[in-house]
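Undergrad: Take this sequence and fold it.
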Amino acid sequence: MGIAMNEIAMRAAEREVTAYGIQFAEIMEQHNLAMECRDCEDFLRMGIEAFTWIERAWQNYQQRIFDGQTNHNPEVEKRFTELYQNWLKPCDDAERWIDIQRQRGFYPDNLDKFRACCEEVRDILEQRFLVEKGQVARANCLNEDL
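TA: Numbers count the residues shown, from 1 in each chain. I've put the predicted structure just below:
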């Protein structure tokens, strides 16, 4: 009977070790997927923070003009446009990463705020494009009048 009990105990141990190994692999897979979602959230947070810094710089520039501390400077305006354009470049990649997370059942905590920043930057760039286009058209009309 001792040998039979030993065999039963060995089989039980083998079964438990197998289950333990499988469980670890499954847990680690879920952990890695969750960590990737956290990495995505961290990336979105970086974008939100970068947007916030651009906005602070813009507000400071506008305030200095309003206070008479500086004059409107087309070169500074151009730098802001470039900052907004550069900020927007990774957004398509971020959206693809977000889609992957959502397909996996994860929803990045800061997704709505990030998307609001994306929309605002697109609006800002569209306004700047329209202003620039209007300035070019006005300059062309003035040149034709001469």
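
Undergrad: in the protein, which residue is closest to the centre?
TA: L44 (3.1 Å; C-alpha atoms, centre = their mean).

Undergrad: OK, contacts around that one?
TA: By C-beta atoms under 8 Å, 6 or more residues apart in numbering, the residues touching L44 are 94, 98, 108, 110-111, 113-114. Yep, even glycine has a C-beta here, placed from its N, CA and C like the rest.

Undergrad: Helix or strand next in line after the one helix or strand it maps to, which one?
TA: For L44, the host element (DSSP states H and E) is helix 2-66. For helix 2-66, the succeeding helix or strand toward the C-terminus, using DSSP H and E, is helix 74-88.

Undergrad: Any regions of this structure where pLDDT drops low?
TA: Within the chain, the ranges that satisfy pLDDT under 70 run 1-2, 133-146.

Undergrad: Apply 90 and report the result again.
TA: Residues of the chain meeting the criterion pLDDT under 90: 1-35, 37, 129-146.

Undergrad: so what's T81 up against?
TA: The neighbourhood of T81, defined by C-beta under 8 Å, 6+ apart, consists of 125, 128.

Undergrad: hang on, L33 packs against Q103?
TA: No - contact criterion C-beta atoms under 8 Å: L33 and Q103 do not qualify, at 10.7 Å.

Undergrad: Which one's more surrounded, these two?
TA: Comparing L33 with Q103 by other C-beta atoms under 10 Å, the one with more neighbours is L33, at 14 against 8.

Undergrad: hmm, back to that, using ChimeraX, make a named selection holding only the buried ones among the contacts of L44.
TA: Buried residues among these (16 or more other C-beta atoms under 10 Å), as a ChimeraX selection:
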select :94,98,108,110,111,114
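
Undergrad: Lovely, talk soon.
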